[in-house]
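Undergrad: Provide a 3D model corresponding to the input given below.
(chains A and B)
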Amino acid sequence: MMPGSIKARITLLVLAAVVGGWLVAAVLTVRAAQHEAAELFDGHLVQAAAMLLAQSALPHEADDDEEVDEAQHAKTLHKYARRVIFQVWRGDRLSLHSAHAPNVLLSTVRRGFSESTLDGRHWRIYAVGDPARDVLIQVGESLHARDEITEEIIEGQLWPLLAGLPVLALLVWLAVRHGIAPLDRLGAELGQRDAQQLQPVSETGLADELLPVVTRLNILFARVDAALIQERRFTADAAHELRTPLAGLRAQAQVAEAASDPAQRQQALAALIHGVDRTTRLVEQMLTLARADQVQSAPRPSVDLYALAQAAVAEAVESLPAVCARGIDLELNGTAAVVPGESAWLAILLRNLLDNAVRYAPDGGLVRVSVACSGAAALLSVEDSGSGVDADARARLGERFFRALDGVGEGSGLGLSIVARVVAVHAGRLDFEASDLGGLRVTIRLPARCSSC
Amino acid sequence: MRILIVEDDLLLGDALRAGLTQAGFAPDWVRDGVVAGTALTATAYDALVLDLGLPRRDGRSVLTGLRQRGATTPVLILTARDTVEDRIGGLDAGADDYLIKPFDMGELSARLRALIRRHRGAPQPTLCAAGVVLDPAAHTVAVDAVPVELSAREFALLHALMLGAGRVLSREQLETHLYPWGEETGSNAIDVHIHHLRKKLGREVIRTIRGVGYVVPKG
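TA: A predicted model of the protein is given here:
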């Protein structure tokens, strides 16, 4: 179970690695040392045997069983005090042996190294003989010393590790903490901010690993900030734009109230109702625009622009009073053009375009809608036969609350902003040009899924 | 009192015209700044109700143009722009008052009356002259404390004369004060109204200065 803290994790991992490595090294060291010690002792055994062999060649009385009391020579206690036993056999007769050596062969092996258990102890035995003189030397050494050495070495490896471990842990912890400090600093800086603070985090002097995180964080902050600014501006603009209609409503109501003559009162009340309708439409456009602002780009189903245009034109003829009242002609031509899109939003787009075009068109004028597919793009254009919009005003047409008609029509100034937003969400392009009908042509290019293109 | 309304919004402009007429003013309504500039040079208005967000030429420009010509016409800015900076800017540019939409029609009328009073040099809200007390806000006239009924035109005519009490006003000047565009009548109308006024108020209130005009003496 890894702890949640990065510092704790790294510290534990480093310590585990160090301890693991140390232990492996310790095992190898012990083995190697053991091996070398064994060779060393074996070497001594061989030397001792050689000395005895050489000594046995000296002129010697054929005594039996001479004991050498080793104990007398072993006064200096050394931690590696070897228990050595030896036997010198002449033929079958034990001629010389050490104090505690038994009377039987130390080992059945008559030449070279072997191990033997005598009296419950383990011995390393070396045997060498001179067959010419029928002399056999067997020298044995207790394995105890070797075991002791091994123990010493192991302890020598482990104690430093144990003693050093706390210190090591502390050092690793401090190092990790120092290393992680940039992350802690970033966390502290972000933690200090409240929800309103969206200014970017400084990218200077940042650690390499934190740079991508902070860069993306700053991009996010910038995006949220821009969205908030746009929302605030929109809210402020909307409130501002509602003031004049509201003032008109209030003033008409007061005129109706103060009217002495019923005809004048009726007129004022009629104007009031008309004003309420207009203001209602303005508010609806504002809400549509606010919703359009929130729409995310997302994978979309396929929609036929031509079919939508047909529906929109039919609806315009039915529901826009100006079409009948002012005798405006609507015309649709084109072919099917399939685009990825939201039919609801595209319907709103078409409705706003037609509404605008009808406004601009003169009495008895024409509004023409065309749908076409060309290459990888579907083209939708709406044009009117009005007096058009000059180039300066054309550049401002997508602006919120901008009315190009100078108050002649009763537009909200938001229709084309909504169109612009829907086009943007559909990754399309919006252009305003002069139409050969005399008025304005609005052209929209959308990426298409035409099979025939 | 002739008022020029400069407001591009159809609903509000229409309401202003009707409402100020109800309040006893003689308003003209124009819908853009260029036409406003022309109207101001053609007619001497008693006050100007000016919207700032106008097509073709914005309200500030109309105001600056007016002041640069040296005109002292009182100007009341009527606008949706409500920040302190906007207010300071408008007043410093030469406006005399600043009212934010939406507003109360009664308040607008009262402020216009105050501006006109001050401009005429007659700071008292009620006008007294020749024993007549005229209250423009309440639309009442009293002679020696006895209330007198006057038609709208008569009231307006008396008001104009009393505002300029002690000054002779010609027939043409009186017509200008009373009639908005499109309502100019025969020159006789003034004489008829004067005649009616004399009948209701007494002969001494309005004096005729032959060949020049009419005057209401001060005091």
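Undergrad: and for residue 32, the neighbour number?
TA: You didn't pick a chain, so chain A it is. Counted with other Cβ atoms under 10 Å in any protein chain shown, residues neighbouring A:Ala32 total 11. C-betas here are computed from N, CA, C, even on glycine.
Undergrad: was after chain B, sorry
TA: 18.
Undergrad: just the one 10 residues further on next, same as before
TA: B:Ala42 has 9 neighbours, counted by other Cβ under 10 Å.
Undergrad: next one: it from chain A, what distance?
TA: 22 Å (Cβ to the nearest Cβ, to the nearest Å).
Undergrad: again, but for B:Arg203
TA: Counting by Cβ to the nearest Cβ, the gap from B:Arg203 to chain A is 31 Å.
Undergrad: cool, B:Arg81 as well?
TA: From B:Arg81 to chain A the distance is 7 Å (Cβ to the nearest Cβ).
Undergrad: could I get the pLDDT score of the nearest residue to that residue once chain neighbours are set aside?
TA: Excluding its sequence neighbours, the residue lying closest to B:Arg81 (Cβ to Cβ, 6 or more residues apart in numbering or on different chains) is B:Leu52, at 6.1 Å. pLDDT recorded at B:Leu52 is 89.
Undergrad: now do B:Tyr45
TA: For B:Tyr45, pLDDT reads 91.
Undergrad: cool, A:Glu67 as well?
TA: 55.
Undergrad: now do A:Gly179
TA: 86.
Undergrad: in which helix or strand does it reside?
TA: helix A:143-192 (DSSP states H and E).
Undergrad: and what of A:Thr443?
TA: Assigned by DSSP H and E, A:Thr443 belongs to strand A:440-447.
Undergrad: residues touching that strand, excluding its own?
TA: Outside strand A:440-447, the residues that touch it by Cβ atoms under 8 Å, 6 or more residues apart in numbering or on different chains are A:305, A:339-341, A:349, A:353, A:356-357, A:360, A:376-384, A:386, A:388-389, A:394, A:416, A:419, A:423, A:426-435.
Undergrad: how about the residues of chain A by chain B?
TA: A:240-241, A:243-252, A:254-255, A:258-260, A:264, A:267-268, A:271, A:274-275, A:278, A:406-407, A:410 (Cβ under 8 Å from any Cβ of the partner chain).
Undergrad: for ChimeraX, what selects the buried ones among those?
TA: Here is the ChimeraX command that selects the buried residues among the residues of chain A next to chain B (16 or more other Cβ atoms under 10 Å in any protein chain shown):
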select /A:240,241,243,244,245,246,247,248,249,250,251,252,254,255,258,259,264,267,268,271,274,275,278,407,410
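Undergrad: just the ones in helices from the residues of chain A next to chain B, please.
TA: Applying DSSP state H to these, the entries found in helices are A:240-241, A:243-252, A:254-255, A:258, A:264, A:267-268, A:271, A:274-275, A:278.
Undergrad: could you pull out the buried residues of stretch B:195-213?
TA: In stretch B:195-213, residues buried by neighbour count (16+ other Cβ under 10 Å) are B:197, B:201, B:205-206, B:213.
Undergrad: next one: stretch B:36-53
TA: B:36-37, B:39-40, B:45-53.
Undergrad: neighbours around the residue in the stretch 51-200 of chain A positioned nearest to chain B, how many?
TA: Using Cβ to the nearest Cβ, A:Gln196 is the residue of the stretch 51-200 of chain A that sits closest to chain B, at 21.7 Å. Per other Cβ under 10 Å, the neighbour tally for A:Gln196 reads 6.
Undergrad: show me what from chain B comes close to chain A.
TA: Checking chain B against chain A by Cβ under 8 Å from any Cβ, the hits are B:8-12, B:14-16, B:18-19, B:22, B:31-32, B:51, B:53, B:55-56, B:78, B:80-82, B:100-106.
Undergrad: ok, 10 Å please
TA: Residues of chain B found near chain A (Cβ under 10 Å from any Cβ of the partner chain) are B:7-23, B:31-32, B:51, B:53-56, B:78-82, B:99-106, B:108, B:152.
Undergrad: can you select the buried ones from those residues in PyMOL?
TA: Selection of buried members from the residues of chain B next to chain A for PyMOL, criterion 16+ other Cβ under 10 Å:
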select buried, chain B and resi 7+8+9+10+11+12+13+14+15+16+17+18+19+20+21+22+23+31+32+51+53+54+55+78+79+80+81+99+101+102+103+105+108
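Undergrad: now whichever residue of the stretch 1-150 of chain A sits closest to chain B: how far from B:Leu54?
TA: Scanning the stretch 1-150 of chain A for proximity to chain B using Cβ to the nearest Cβ identifies A:Ile6 as nearest, at 50.3 Å. Distance of A:Ile6 to B:Leu54, given as Cβ to Cβ, to the nearest Å: 64 Å.
Undergrad: next one: B:Thr126
TA: According to Cβ to Cβ, B:Thr126 and B:Leu54 sit 36 Å apart.
Undergrad: need the helices for the chain, in chain order.
TA: Just so you know, I chose chain A. So, for chain A - with DSSP H - the helices run A:6-56, A:70-73, A:143-192, A:210-258, A:262-294, A:305-319, A:321-325, A:343-360, A:391-395, A:415-425.
Undergrad: try again with chain B
TA: Assigned by DSSP H, chain B shows helices spanning B:10-22, B:33-42, B:59-68, B:84-92, B:105-120, B:152-163, B:171-178, B:188-201.
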